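> this one's structure only:
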Ligand code: PMV
């Protein structure tokens with residue numbers, strides 16, 4: 001088939017961390033899965049390899065995105081395409097919007113260059129974009145987006161990449177994602193936690209270790225189809241995140257609201273702080289989504305893994 005005749009589209013899924021955010025930065029495992037929502041990159045042929053951005057973005061935002069894009073473009077041999085982006089994800093709310101953007105652009109650039117877009121290669125190039133956005137992330141966001149499946153991720157010490165093991169779910173794994181207030185950038189929350197950890201390393205080390213154990217136990221629960229056990233692991237993880245100083249009244253309120261609506265487990269997801277995203281594990285999230293939408297809560301449901309209804 002003529003490669004140029006196929007439409008040039010790249011998709012990058014947003015992500016949720018079911019278990020193990022923050023401790024993943026310190027080398028402990030995290031369980032994360034892709035959302036059905038994400039960022040789509042579309043391209044038309046062009047003389048130069050370039051990114052088109054909406055005029056609503058500020059100058060620093062444009063410079064950041066263009067710099068990151070050009071970094072990936074160079075790694076892909078700068079194919080002649082003009083790329084536009086569409087995002088279904090809220091920005092900076094813990095759902096991996098920048099990783100989704102990096103993966104969407106990378107997939108498209110690799111395809112445009114006629115190169116293989118295997119999950120591994122996508123992750124390798126997308127990481128270079130992520131570094132522009134985040135400095136030294138654990139790598140869980142872009143790896144989950146590139147793998148497009150539920151994974152147990154473990155960072156290689158000192159690197160922004162690591163090992164991803166696929167976690168198979170014999171049952172549909174569905175979450176409700178609710179958005180609460182505003183939050184600080186991940187970098188700031190991660191840096192503040194690092195200061196506390198450096199001051200009281202033994203205590204914080206124990207909490208990170210505990211979260212890592214809960215994440216591994218959660219992955220086993222998923223594979224055994226024990227969703228109640230996974231829900232319990234999420235609740236315990238929420239308690240540990242609160243102990244680390246990463247939760248806040250708006251997040252706690254939503255956690256208890258989701259549990260009240262029948263969630264098997266609920267917790268903040270992503271960096272946390274003053275606001276961000278809260279997830280609830282539900283056998284059937286739709287009634288809770290309808291109820292919360294009626295009350296003006298920004299929320300949606302997504303299936304992260306397992307068999308899907310036809
Ligand atoms: O940027 P967020 O909110 O999706 O959080 C990423 C997860 C952290 O563990 C807090 C940071 C990291 O690099 O893994």
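Sure thing, it's come through. Just so you know, these numbers come straight off a predicted model, no measurement behind them.

> contacts and neighbour counts: CA atoms only from here.
Fine.

> what parts of the chain come near the ligand?
Residues of the chain found near the ligand (C-alpha under 6 Å from any ligand atom) are 21-22, 24-25, 94-96, 137-138, 140, 186, 270-271.

> for those, give me TSV that also has secondary structure, pLDDT and neighbour count.
Output for these, formatted as TSV (DSSP: H, G, I helix; E, B strand; the rest coil; pLDDT from 0 to 100; neighbours: other C-alpha atoms under 10 Å):
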residue	secondary structure	pLDDT	neighbour count
21	coil	98	28
22	coil	97	25
24	helix	98	25
25	helix	96	25
94	coil	90	27
95	coil	95	29
96	coil	94	28
137	coil	89	21
138	coil	95	26
140	helix	97	32
186	helix	90	19
270	coil	96	25
271	coil	95	27
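
> can you add distance to residue 200 and give those back as TSV?
Converted to TSV, the residues of the chain next to the ligand look like this (distance: C-alpha to C-alpha, whole Å):
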residue	distance to residue 200
21	19
22	16
24	18
25	17
94	26
95	29
96	29
137	22
138	21
140	25
186	21
270	23
271	20
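
> which of those sit farthest apart?
25 and 95 (16.6 Å; C-alpha to C-alpha).

> now do the helices in the stretch 51-200 of the chain.
59-75, 97-112, 119-134, 140-147, 186-199 (DSSP state H, counting those that start in this stretch).

> which parts of the first one are buried?
Which is helix 59-75. Neighbour counts over helix 59-75 (16 or more other C-alpha atoms under 10 Å) mark 62, 65-73 as buried.

> mind putting the helices of the stretch 51-200 of the chain into a markdown table with distance to residue 163?
Formatted as a markdown table, the helices of the stretch 51-200 of the chain follow (distance: least, C-alpha to C-alpha, whole Å):
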| stretch | distance to residue 163 |
| --- | --- |
| helix 59-75 | 22 |
| helix 97-112 | 17 |
| helix 119-134 | 11 |
| helix 140-147 | 9 |
| helix 186-199 | 21 |
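
> what sits against the nearest residue to residue 163 once chain neighbours are set aside?
Spatially, and ignoring its direct neighbours in sequence, residue 163 is nearest to residue 154 (5.3 Å; C-alpha to C-alpha, 6 or more residues apart in numbering). Residues in contact with residue 154, defined by C-alpha atoms under 8 Å, 6 or more residues apart in numbering, are 24, 27-30, 140, 162-164.

> by neighbours, which of those wins?
Using other C-alpha atoms under 10 Å as the neighbour test, the contacts of residue 154 are led by residue 140, with 32 neighbours.

> hang on, that one packs against residue 152?
No: contact criterion C-alpha atoms under 8 Å: residue 140 and residue 152 do not qualify, at 9.2 Å.

> shared neighbours, the two?
30, 32.

> please enumerate the strands of the stretch 151-300 of the chain.
All strands of the stretch 151-300 of the chain, identified by DSSP state E, counting those that start in this stretch, fall at 151-155, 162-166, 173-180, 265-269, 276-282, 298-305.

> pairing partners for the fifth one, with directions?
Partner strands for strand 276-282, per DSSP bridges, with pairing direction: strand 173-180 (antiparallel), strand 265-269 (antiparallel).

> hey, which helix is longest across this structure?
Within the chain, and with DSSP state H defining each element, the longest helix by residue count is helix 201-223.

> list the contacts of it.
With C-alpha under 8 Å, 6+ apart as the criterion, helix 201-223 contacts 19-20, 22-24, 26, 28-31, 152, 167-170, 196-197, 227, 229-230, 233-234, 236-237, 240, 244.

> check stretch 17-26 too.
28-33, 137-138, 140, 153-155, 157, 190, 208-209, 211-212, 214-215, 218, 233-234, 237, 269-271, 279.
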